[in-house]
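this is a predicted model, with the sequence first.
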Amino acid sequence: MTSLTTIGFDADDTLWQNEQFFRLTERHFAELLSDHVDTEHLLERLLEAERRNLGTYGFGIKGFTLSMIETAIDVTGGKVPSEVIGKILAAGREMLSHPIETLPHVHDTLELLAGRYRLVLITKGDLFDQERKLAQSGLGDFFQAVEIVSDKSRPTYERIFARHGDGAEHAMMVGNSLKSDVVPAIEAGSWGVFVPHELTWVIEHVEAPKAAPRFREIGHLANCRDCLSKSVNSGAGSAPFFQGDAEARQRSDIGFYAIPGGKPPGSFPRAALAWGMPGAAFQRLDDLLQPVGRDRLGHHEIHRAWQPKALHSAGAVGKEDNARRRSAHHSAERHDT
């Protein structure tokens with residue numbers, strides 16, 4: 001039986017709340033333009049603008065804000081007051097600074113799996129905003145690699161699971177979006193685990209691939225353990241925990257970071273995103289990482305590469321220090337998916 005060694009996790013509305021802030025902002029947007037257009041028609045026009053602009057602005061709050069401005073100009077025939085434009089921009093800025101709210105069972109589930117499998121965070125959206133949310137979430141310690149991508153497709157998962165694991169066949173992807181997290185991961189050959197969220201952007205809606213042998217649906221992340229034992233690791237020759245020797249573990253703890261597409265050029269440094277690497281001492285994401293360069297890859301830009309900023313001079317961080325660091329991170333506490 002094929003063993004499972006790597007688990008990918010979506011971020012927005014899988015690990016922390018996201019879509020609810022877009023819904024609240026949409027209501028505020030409707031209030032700002034209530035003298036010009038009814039709410040239903042306005043939100044229909046906004047959705048049309050968002051669909052139209054995805055190829056230009058990508059996923060995330062900044063593209064959403066620009067689409068709101070475009071829609072406001074459109075529905076008012078170009079007569080939207082500058083004061084309203086200012087309030088739309090303010091709403092977007094507020095979204096970009098909103099505190100992170102992690103979802104139930106997230107910390108315990110990641111803590112349980114982190115020592116047994118390679119965990120990879122795979123998210124799409126605005127680079128800076130996703131970095132901010134990860135730093136504030138306090139969950140970075142659990143992931144051996146982070147991929148912030150422009151979109152999620154079969155080639156995306158093939159590339160990521162080959163880079164950070166043993167290929168898609170030995171991987172599982174967990175997320176709240178059937179369209180972005182589950183279907184393309186299964187097409188790539190991995191397991192796809194659907195964790196429904198009460199709010200999901202309409203653009204992310206597709207039919208569940210219930211006939212696919214590697215499709216699973218769970219009620220919440222706490223059910224991940226049962227899902228692993230009953231489906232992936234069932235029967236003779238169950239998948240081993242990822243252990244390996246110390247050198248292999250250290251290598252696995254160093255991964256590529258925030259490269260929105262393709263394999264980086266050979267001369268590009270293997271980005272040392274080293275949350276789990278022995279010797280890394282940090283309190284926040286920004287304390288650990290510093291930029292070491294930028295490059296271009298086709299039409300994608302490699303926004304950042306990182307290297308460890310502060311290392312203990314004496315070997316690995318002890319379990320007590322590691323637990324305390326995780327505790328400190330944890331207390332710090334749709335468009336992107």
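Received, thanks. These numbers were taken from a predicted model, which means no experiment stands behind them.

output the longest helix belonging to this protein.
The longest helix of the chain (DSSP state H) is helix 39-57.

which elements pack onto that one?
helix 19-32, helix 61-75 (3 or more C-beta pairs under 8 Å, 6 or more residues apart in numbering; DSSP states H and E). Placement of C-beta: from N, CA and C, glycine included.

of these, which is nearest residue 200?
helix 19-32 (6.5 Å; C-beta to C-beta).

quick one: residues in contact with the closest one.
For helix 19-32, contacts defined as C-beta atoms under 8 Å, 6 or more residues apart in numbering pick out 12-13, 39, 42-43, 46, 64, 68, 72, 84, 87-88, 91-92, 94-95, 98, 197, 199-201, 334-335.

just the buried ones from the residues you listed?
Buried residues within the contacts of helix 19-32, defined by neighbour count using 16 or more other C-beta atoms under 10 Å: 12-13, 42-43, 46, 64, 68, 72, 84, 87-88, 91-92, 95, 98, 197, 200-201, 334-335.

the strands in the chain, which residues?
Here the chain has its strands, by DSSP state E, at 6-9, 118-124, 145-149, 171-175, 191-194, 215-217, 289-297, 300-308.

using CSV, write out every CA atom in stretch 112-126.
C-alpha atoms of stretch 112-126 as CSV (Å, rounded to 0.1, in the frame of the first residue of the first chain):
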residue,chain,number,x,y,z
LEU,A,112,-0.5,15.9,16.7
LEU,A,113,0.5,15.5,13.0
ALA,A,114,3.6,17.7,12.9
GLY,A,115,5.9,15.0,14.4
ARG,A,116,4.6,12.3,12.2
TYR,A,117,4.3,13.8,8.7
ARG,A,118,5.8,16.6,6.7
LEU,A,119,3.2,19.4,6.9
VAL,A,120,3.1,22.0,4.1
LEU,A,121,1.0,25.2,4.2
ILE,A,122,-0.4,25.8,0.7
THR,A,123,-2.4,29.0,0.3
LYS,A,124,-3.2,31.5,-2.5
GLY,A,125,-3.8,35.2,-2.2
ASP,A,126,-1.9,38.3,-1.5
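
for that stretch, give the mean pLDDT please.
Stretch 112-126 carries an average pLDDT of 93.

do stretch 46-59 as well
91.

pull that stretch out as CSV, backbone CA atoms only.
In CSV, the C-alpha atoms belonging to stretch 46-59 read as follows (Å, rounded to 0.1, in the frame of the first residue of the first chain):
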residue,chain,number,x,y,z
LEU,A,46,-19.4,43.2,-7.6
LEU,A,47,-19.2,39.4,-8.2
GLU,A,48,-19.0,40.0,-12.0
ALA,A,49,-16.1,42.5,-11.4
GLU,A,50,-14.3,40.0,-9.2
ARG,A,51,-14.6,37.3,-11.7
ARG,A,52,-13.4,39.6,-14.4
ASN,A,53,-10.5,40.9,-12.4
LEU,A,54,-9.1,37.6,-11.1
GLY,A,55,-6.7,37.2,-14.0
THR,A,56,-5.4,40.7,-13.4
TYR,A,57,-5.5,41.2,-9.6
GLY,A,58,-5.4,37.7,-8.4
PHE,A,59,-7.0,36.5,-5.2
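
in it, which residues are buried?
Neighbour counts over stretch 46-59 (16+ other C-beta under 10 Å) mark 46-47, 49-50, 54, 57-59 as buried.

do the same with stretch 94-108
Across stretch 94-108, burial judged by 16+ other C-beta under 10 Å covers 95-96, 98, 100, 102-103, 105-107.

quick check: the farthest pair among those?
Among the buried residues of stretch 94-108, 96 and 105 lie farthest apart (C-beta to C-beta), at 26.7 Å.

got the contact list for stretch 76-96?
With C-beta under 8 Å, 6+ apart, stretch 76-96 has contacts from 21-22, 25, 28-29, 32-33, 36-37, 61-62, 64-65, 68-69, 72-73, 129, 132.

narrow those residues to those that are buried.
Buried subset of the contacts of stretch 76-96 (neighbour count, 16+ other C-beta under 10 Å): 21-22, 25, 29, 32-33, 37, 61-62, 64-65, 68-69, 72, 129, 132.

now for the residues you listed: which two are most distant?
37 and 132 (32.9 Å).

residue 167: which of the buried residues of stretch 46-59 is nearest?
So of those, ranked by how close each gets to residue 167 (C-beta to C-beta), first place is residue 59, at 26.4 Å.
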